[in-house]
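**Student:** task: produce atomic coordinates for the following.
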Amino acid sequence: MSSVKVSVIVPIYKAEQFIERCVRSLMEQSMKDDIEFVFVNDCTPDQSMQILERVINDYPERNNQIVIWNNPENLGVTRSRKKGVELSNGEYIGWCDSDDWCEKNMFENMYNQASFNSLDIVVCNYEEITNEGTKIIRIVHSENPQIAITNSIYGRSFSGVLWNQIVKKEIMKKCWNQIVPTNYSEDTYVLFHVYYYSQTIAVIDEPLYNHNTENLQSLVHIRDNTKAAWLVQQENIERIEGLYYKDNG
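**Tutor:** You can find the predicted model right below:
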């Protein structure tokens with residue numbers, strides 16, 4: 001595929017209740033050209049992939065914009081997302097979890113902001129859907145990505161999740177190679193690296209993404225509480241500390 005502006009990566013695992021809504025929100029994006037959708041099947045044991053195939057058949061005009069990759073075995077969310085980045089052709093990388101959905105103008109709005117201002121990162125607000133209701137989460141604008149990290153202790157200047165932002169592929173690809181695979185907080189770990197290497201950022205003050213917290217079986221809700229898993233968490237934290245504090249002793 002030539003001249004792809006945005007690649008949207010969707011890892012899939014146990015999302016059969018929600019994936020149709022997710023996929024339709026992507027197929028109906030207002031960005032008609034120069035976008036691709038990369039679906040990474042992490043050996044989901046349910047009907048998610050069959051539903052995916054059925055839904056995309058309703059949008060034949062998107063056929064040449066769709067990439068489907070089947071992991072040879074269950075690899076977890078970090079390796080699945082990294083594989084999605086490797087398969088992507090876009091100038092920018094965007095995300096959607098398979099139990100969430102996007103507003104129809106999300107990627108057009110975010111890319112236009114990124115392209116017009118030559119930005120490394122564009123972030124948007126999002127709606128969080130829980131059993132208790134829905135609320136809008138607003139991201140506070142910061143002058144640059146490093147200040148966003150510094151200010152994160154004071155408010156929501158750094159959301160720590162992938163799916164409400166797009167990032168230049170060259171930066172995102174570099175950063176996935178710097179974390180240790182884990183099924184917990186991998187998006188936060190990779191974004192600490194992304195924000196370190198990026199120079200420019202903007203926030204769209206509009207909820208363009210809908211985050212559903214009700215699917216407890218999804219890939220992003222899997223937790224490994226073994227000692228080995230916690231040692232991986234420690235190593236990722238140490239890598240981030242080394243990155244941010246290497247110039248300060």
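**Student:** I figured Ile19 was touching Ile12, is that so?
**Tutor:** Yes. If you go by CB atoms under 8 Å, Ile19 and Ile12 touch, sitting 6.8 Å apart. For every residue, glycine as well, the C-beta is placed using N, CA and C.
**Student:** identify the contacts common to those two.
**Tutor:** Residues touching both Ile19 and Ile12 by CB atoms under 8 Å, 6 or more residues apart in numbering: 48, 52, 98.
**Student:** identify, from these, the entry nearest to Lys169.
**Tutor:** Ser98 (21.1 Å; CB to CB).
**Student:** any idea how far the closest one lies from Glu20?
**Tutor:** Ser98 is 10 Å from Glu20, where distance means CB to CB, to the nearest Å.
**Student:** more neighbours: those two, which one.
**Tutor:** Per other CB atoms under 10 Å, whichever of Ser98 and Glu20 has more neighbours is Ser98, with 30 against 16.
**Student:** hmm, who's touching stretch 41-58?
**Tutor:** The contact list for stretch 41-58, computed with CB under 8 Å, 6+ apart, reads 11-16, 19-20, 23-24, 27, 39, 62-63, 66, 68-71, 73-77, 80, 98, 219.
**Student:** among those, name the ones in strands.
**Tutor:** Judged by DSSP state E, these include 11-12, 39, 66, 68-70 as members of strands.
**Student:** tell me which of these is nearest to Lys168?
**Tutor:** Taking the ones in strands among the contacts of stretch 41-58 together and measuring to Lys168 by CB to CB, the closest member is Pro11, at 20.3 Å.
**Student:** which stretches of the protein have low pLDDT?
**Tutor:** Counting by pLDDT under 70, the chain contains low-confidence ranges at 1-2, 182-184, 215-232, 235-236, 246-249.
**Student:** which of the contacts of stretch 41-58 are buried?
**Tutor:** Buried by 16 or more other CB atoms under 10 Å: 11-16, 19-20, 23, 27, 39, 62, 66, 68-69, 71, 75-77, 80, 98, 219, out of the contacts of stretch 41-58.
**Student:** helix, strand, or coil at the residue nearest to Glu61 when sequence neighbours are not counted?
**Tutor:** Leaving out its chain neighbours, the residue that sits closest to Glu61 by CB to CB, 6 or more residues apart in numbering is Lys32, at 8.0 Å. Following DSSP: H, G, I helix; E, B strand; the rest coil, Lys32 is assigned to coil.
**Student:** make sure Asp97 is actually in contact with Asn164.
**Tutor:** No. With contacts counted by CB under 8 Å, Asp97 stays clear of Asn164, the gap being 10.7 Å.
**Student:** which neighbours do those two have in common?
**Tutor:** His211.
**Student:** give me the phi and psi for Ile137.
**Tutor:** Backbone geometry at Ile137, expressed as degrees, to the nearest 10, gives phi -100, psi 120.
**Student:** you'd agree it is up against Ile129?
**Tutor:** No. Using CB under 8 Å, Ile137 is not in contact with Ile129, being 10.9 Å away.
**Student:** in its sheet, what does the host helix or strand of His211 sit against?
**Tutor:** Assigned by DSSP states H and E, His211 belongs to strand 201-212. Paired neighbours of strand 201-212 in the sheet (DSSP bridges): strand 101-102 (antiparallel), strand 121-130 (parallel).
**Student:** farthest-separated two in the ones in strands among the contacts of stretch 41-58?
**Tutor:** Greatest spacing in those, by CB to CB: Pro11 and Ile66 (15.1 Å).
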